[in-house]
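Asker: Kindly generate the corresponding structure for this input.
(one chain, ligands or ions: 1)
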Amino acid sequence: MTQPLHHWLAAAVANDGVDLKLSGVLETIAAACAELAGVLRLAPIAGQTGLAGHTNVQGEAQKELDVISNDIFIKHLRKNADISILVSEELDEALHLENHGAFAVACDPLDGSSNLDVNVTVGSIFSILAVDPGSPDLLQPGTKQLAAGYAAYGPSTSLVLTFGTAVVCFTLDENGQFVLSQDNITVPAASGEFAINTARERFWDEATKAYVSQNVAGETGPAGKRYNMRWIGSMVADIHRILMRGGIFLYPLDSETTDKGGRLRLLYEANPMALIMEAAGGGATTGHGRILEVQPKAIHQRIPVIVGSKDEVERVNALYSHQG
Ligand code: P6P
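Answerer: Next up is the predicted model:
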């Protein structure tokens, strides 16, 4: 019998000093992800994979399921009195729930939703912060996260969690319960796979161009080995693959995204994935420093994201140092 999430969290509280209320916040998020998994599985039949007809604060056309996913998170989080604030990719402002709890959740309720109508893995990404409900500080660096994780809605539904040390994975079972499927996940230090949207090459900086061309040169160039490329267009799917078998995910600052500060969001995409990747022994850099040490300036701030196998991230950092 594989260990249910509830038992795993109870053991973490009893044996590892995890805060009981924090474990409750994770159970609340897991329940939202389990409900969302069921909705996504039937969405094409329910005709819900289309556009919602308006754009979000990011200027992106919202899918109907973006709105539904966000509503599912709000419904579940509102029921947990320990969660006082939700920062969501789908909400212009932070949502102050009718609670006065000591926790805030930052999330992308449905990441990669452009893949929904082609039935490719999408996900939910979340980050948990401690806040004073009276005067909440949401602009905390990633090192302050109490926990982070994501759900990957694929052939199976995975829930990956970390408190900043170990990384574990649960799988949704036939009863709609998450059960432990992988413990103490570590990302291989070396890899032969990289993930980047190569259609953006003309916008890249010199460090990114050098890194990718070295990989493409494979065994004939300075990398000295063959590389393969994967780009799913769903961060959760790419990150989960990298966590499982190694690799590197790059969405660097480029000439087209410089004005916005990058493509991906710091609070609810970069920071949670960086905490997971570093806890698994990997790296997470902007190209000019640790993602987790960036001081946020706004809740929807964007940031360059380069995360994955330690050796690969170190090679990219060396190229950025050389670039100056
Ligand atoms: P591009 C999805 O919209 C997302 O935020 C990430 O999940 C994904 O990795 C990235 O954008 C894809 O970006 O520019 O390749 O469409």
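
Asker: OK, contacts around residue 318?
Answerer: Counting by C-beta atoms under 8 Å, 6 or more residues apart in numbering, residue 318 makes contact with nothing. Just so you know, the C-beta spots here come from the backbone N, C-alpha and C atoms, and that holds for glycine as well.

Asker: Recalculate using a threshold of 10 Å.
Answerer: Contact analysis of residue 318 by C-beta atoms under 10 Å, 6 or more residues apart in numbering lists 207, 210, 211.

Asker: Using PDB, list the CA coordinates for stretch 209-226.
Answerer: The C-alpha coordinates for stretch 209-226 follow below in PDB (Å, rounded to 0.1, in the frame of the first residue of the first chain):
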ATOM      1  CA  LYS A 209      23.500  31.400 -28.400                       C
ATOM      2  CA  ALA A 210      26.900  29.900 -27.300                       C
ATOM      3  CA  TYR A 211      25.300  27.400 -25.000                       C
ATOM      4  CA  VAL A 212      22.800  26.100 -27.600                       C
ATOM      5  CA  SER A 213      25.400  26.000 -30.400                       C
ATOM      6  CA  GLN A 214      27.700  24.000 -28.200                       C
ATOM      7  CA  ASN A 215      24.900  21.500 -27.600                       C
ATOM      8  CA  VAL A 216      24.000  21.400 -31.300                       C
ATOM      9  CA  ALA A 217      27.600  20.700 -32.100                       C
ATOM     10  CA  GLY A 218      27.400  17.800 -29.800                       C
ATOM     11  CA  GLU A 219      30.300  15.400 -29.800                       C
ATOM     12  CA  THR A 220      32.000  17.400 -32.600                       C
ATOM     13  CA  GLY A 221      32.200  20.500 -30.400                       C
ATOM     14  CA  PRO A 222      33.300  21.700 -26.900                       C
ATOM     15  CA  ALA A 223      30.400  19.900 -25.100                       C
ATOM     16  CA  GLY A 224      32.000  16.600 -26.300                       C
ATOM     17  CA  LYS A 225      28.700  14.700 -26.300                       C
ATOM     18  CA  ARG A 226      25.500  14.400 -28.300                       C
END
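
Asker: and stretch 303-317, which residues are buried?
Answerer: 303-310, 312-313, 315-317 (16 or more other C-beta atoms under 10 Å).

Asker: Can you name the residues bridging to residue 308?
Answerer: Bridge pairing for residue 308 (DSSP bridges) gives the partners residue 248, residue 283.

Asker: That one reaches residue 235, doesn't it?
Answerer: No. Counting by C-beta atoms under 10 Å, residue 308 sits too far from residue 235 to count as a contact (12.0 Å).

Asker: Going along the chain, name the strands of the stretch 51-200 of the chain.
Answerer: Using DSSP state E, counting those that start in this stretch, the strands of the stretch 51-200 of the chain run over 51-55, 61-63, 83-88, 95-96, 103-111, 122-130, 147-153, 157-162, 167-172, 178-182, 193-195.

Asker: would you turn the ones you listed into TSV with mean pLDDT?
Answerer: TSV is the format used below for those (pLDDT from 0 to 100):
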stretch	mean pLDDT
strand 51-55	80
strand 61-63	79
strand 83-88	98
strand 95-96	96
strand 103-111	98
strand 122-130	98
strand 147-153	98
strand 157-162	98
strand 167-172	98
strand 178-182	98
strand 193-195	98
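
Asker: Quick one, which of those strands gets closest to the ligand.
Answerer: Taking C-beta to the nearest ligand atom, strand 103-111 is the member of those nearest to the ligand, at 4.6 Å.

Asker: Near the closest residue to the ligand within the stretch 101-250 of the chain, how many residues? Count them for me, please.
Answerer: Using C-beta to the nearest ligand atom, residue 235 is the residue of the stretch 101-250 of the chain that sits closest to the ligand, at 3.4 Å. By other C-beta atoms under 10 Å, the residues close to residue 235 number 25.

Asker: And the pLDDT at it?
Answerer: The score at residue 235 is 98. That number is its pLDDT.

Asker: Show me what the residue lying closest to it once chain neighbours are set aside is bridged to.
Answerer: Once flanking residues are discounted, residue 235 sits nearest to residue 111: 5.5 Å by C-beta to C-beta, 6 or more residues apart in numbering. Counting by DSSP bridges, residue 111 forms beta bridges with residue 123.

Asker: Residue 111 reaches residue 232, doesn't it?
Answerer: No. Using C-beta under 10 Å, residue 111 makes no contact with residue 232, being 11.0 Å away.

Asker: more crowded one of those two?
Answerer: Set side by side, residue 111 and residue 232 show more neighbours around residue 111, with 29 against 18, by other C-beta under 10 Å.

Asker: check contacts around the more buried one.
Answerer: Residue 111 sits next to 66, 69, 89, 121-125, 150-153, 234-237, 239, 264-265, 268-269, 273 when contact means C-beta under 10 Å, 6+ apart.

Asker: try 8 Å this time
Answerer: 89, 122, 123, 124, 125, 150, 234, 235, 236, 269.

Asker: outside of the host helix or strand of residue 272, which residues touch it?
Answerer: Using DSSP states H and E, residue 272 sits within helix 271-279. Residues from elsewhere that reach helix 271-279 (C-beta under 8 Å, 6+ apart): 106, 125-127, 142, 145, 148-150, 160, 162, 164-167, 187, 235, 239, 242-243, 249, 283-284, 290-292, 305, 307-308.
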